[in-house]
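Pasting a predicted model and its sequence here:
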Amino acid sequence: MTEFIPPGTLFHALPSPFPFKRGGALTAGRVAYETWGTLDADAGNAILIVTGLSPDAHAASNAANPATGWWEGMVGPGKPIDTDRWFVICVNSLGSCKGSTGPASIDAATGKPYRLSFPELSVEDGARASVEVVRALGITQLACLVGNSMGGMTALALLLLHPGIARSHINISGSAQALPFSIAIRSLQREAIRLDPQWNGGQYDDANYPESGMRMARKLGVITYRSALEWDGRFGRVRLDSDQADDDPFGLEFQVESYLEGHARRFVRFFDPNCYLYLSRSMDWFDLAEHGNGDVMAGLATIKVEKALAIGANTDILFPVQQQQQIADGLRAGGAEAHFIGLDSPQGHDAFLVDFERFGPAVRGFLGEL
């Protein structure tokens, strides 16, 4: 059980106890975050970024940590989210292993990791924890709330639970509810982890670690994060050189297989399996239809925000663009000036992390009108 906290991470203590939507509460919980830029005297230039499942709070390099961040191409001086103008906050999701309290954290009551005694985590819990950071920084209303992937869900929950918290919203490759295909993929990922004997009901350690389960879970994820178009263009049917091939008669043979294996091995020891299970399940549970008498559009229409932009990649199979179109339509029904942009990026769901040539101008243009 290990937490992976970037240098320069800041922490905010949550109210104790901090109750969860589905029951239970945290004592002595915290949220990890980082900031960029300078907050105006009236605290009116703040942007909050809420992330997908795996990122930490280090979205971009800063004075406290000059290492390249996971959204370096989007956040910084002169970049689409321009830190010469905006005061930017990025929070690490509650339930993660990157600084915010999660299953890998030590439970103060026992002195041991929470593991599966961690309360059942919902997206709404993460949203409420994020607001605590905003309030602690003296910000009563955000200029913009930005959510990517799972963060798109978190952002919608935050807007719903805290009316008026943001004047505008950018939802990138997010959704208002989990679709059956996404639920099915995440279910298989969780099953791969849980069926690894080393998982041991969540009672693993560094010496007895569910590496095979995590490798399979990550491979499944990476396959859905990108598109078939990219896989074909990037790897085709190219085979490994003879000295790279696996000696196993059913082992690695194609370059795409080697890529997935390398990607998985780099990930498995840098994300806690129990945290992965909790965050993954929280996405499956999320459904704004709960707030619209069973109608997701009605749930979206209850959210009040002045301006909104929903962006997606046309090749995304995990959070398909129909879901971003739905977000824009639903927020518009609630009175927002809301727009949708579907981008012809070949990178699928991960496009917002790499295709800055397409996603950057859309974000820059929206923020430039605020």
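Happy to help now that I have it.

which residues does residue 342 bridge with?
residue 312 (DSSP bridges).

How many residues are close by it?
Number of residues near residue 342 (other Cβ atoms under 10 Å) recorded here: 17. Glycine gets a C-beta too; all of them are placed from N, C-alpha and C.

surely it meets residue 316?
No - using Cβ atoms under 8 Å, residue 342 makes no contact with residue 316, being 9.3 Å away.

Flag the shaky bits of the stretch 151-300 of the chain, pLDDT-wise.
For the stretch 151-300 of the chain, the stretches with pLDDT under 70 are 242-246.

what ranges do the strands span in it?
168-172 (DSSP state E, counting those that start in this stretch).

Quick check: nearest residue in space to residue 71, chain neighbours excluded?
Excluding its sequence neighbours, the residue lying closest to residue 71 (Cβ to Cβ, 6 or more residues apart in numbering) is residue 59, at 4.3 Å.

what does residue 188 give?
Per Cβ to Cβ, 6+ apart, closest to residue 188 is residue 220, 5.8 Å.

Contacts only, for that neighbour.
Residues near residue 220 by Cβ atoms under 8 Å, 6 or more residues apart in numbering: 185, 188-189, 192.

neighbour-wise, which of those residues leads?
residue 189 (22 neighbours).

which residues touch that residue?
216-217, 220-221, 276, 280.

Does residue 126 lie in a helix or a strand, and which?
Element membership for residue 126 (DSSP states H and E) is helix 123-136.

Pull that helix out as PDB, backbone CA atoms only.
Provided in PDB are the C-alpha atoms of helix 123-136 (Å, rounded to 0.1, in the frame of the first residue of the first chain):
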ATOM      1  CA  VAL A 123     -18.500  11.000  -7.600                       C
ATOM      2  CA  GLU A 124     -20.500  13.400  -5.500                       C
ATOM      3  CA  ASP A 125     -18.200  12.900  -2.600                       C
ATOM      4  CA  GLY A 126     -15.200  13.900  -4.700                       C
ATOM      5  CA  ALA A 127     -17.200  17.000  -5.900                       C
ATOM      6  CA  ARG A 128     -17.900  18.100  -2.300                       C
ATOM      7  CA  ALA A 129     -14.300  17.600  -1.300                       C
ATOM      8  CA  SER A 130     -13.100  19.800  -4.200                       C
ATOM      9  CA  VAL A 131     -15.400  22.600  -3.100                       C
ATOM     10  CA  GLU A 132     -13.700  22.600   0.300                       C
ATOM     11  CA  VAL A 133     -10.400  23.600  -1.300                       C
ATOM     12  CA  VAL A 134     -12.100  26.400  -3.300                       C
ATOM     13  CA  ARG A 135     -13.700  27.800  -0.100                       C
ATOM     14  CA  ALA A 136     -10.500  27.500   1.900                       C
END
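
Just the buried residues of that helix, please?
Of all the residues in helix 123-136, those buried under the rule 16 or more other Cβ atoms under 10 Å are 123-134.

now those residues in CSV, with pLDDT and distance to residue 172?
Output for the buried residues of helix 123-136, formatted as CSV (pLDDT from 0 to 100; distance: Cβ to Cβ, whole Å):
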residue, pLDDT, distance to residue 172
123, 98, 16
124, 98, 20
125, 98, 21
126, 98, 17
127, 98, 16
128, 98, 21
129, 98, 20
130, 98, 16
131, 98, 20
132, 98, 23
133, 98, 20
134, 98, 19
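
returning to what we had before: dump the residue contacts of the residue nearest to residue 71.
Contacts of residue 59 (Cβ under 8 Å, 6+ apart): 34, 36, 49, 51, 69-72, 74-75, 88, 90.

For it, which three-state class applies?
coil (DSSP: H, G, I helix; E, B strand; the rest coil).

so how far is residue 315 from it?
24 Å (Cβ to Cβ, to the nearest Å).

so, if you compare the contacts of residue 220, which one comes nearest to residue 327?
residue 185 (20.6 Å; Cβ to Cβ).

Sweet, I'm off.
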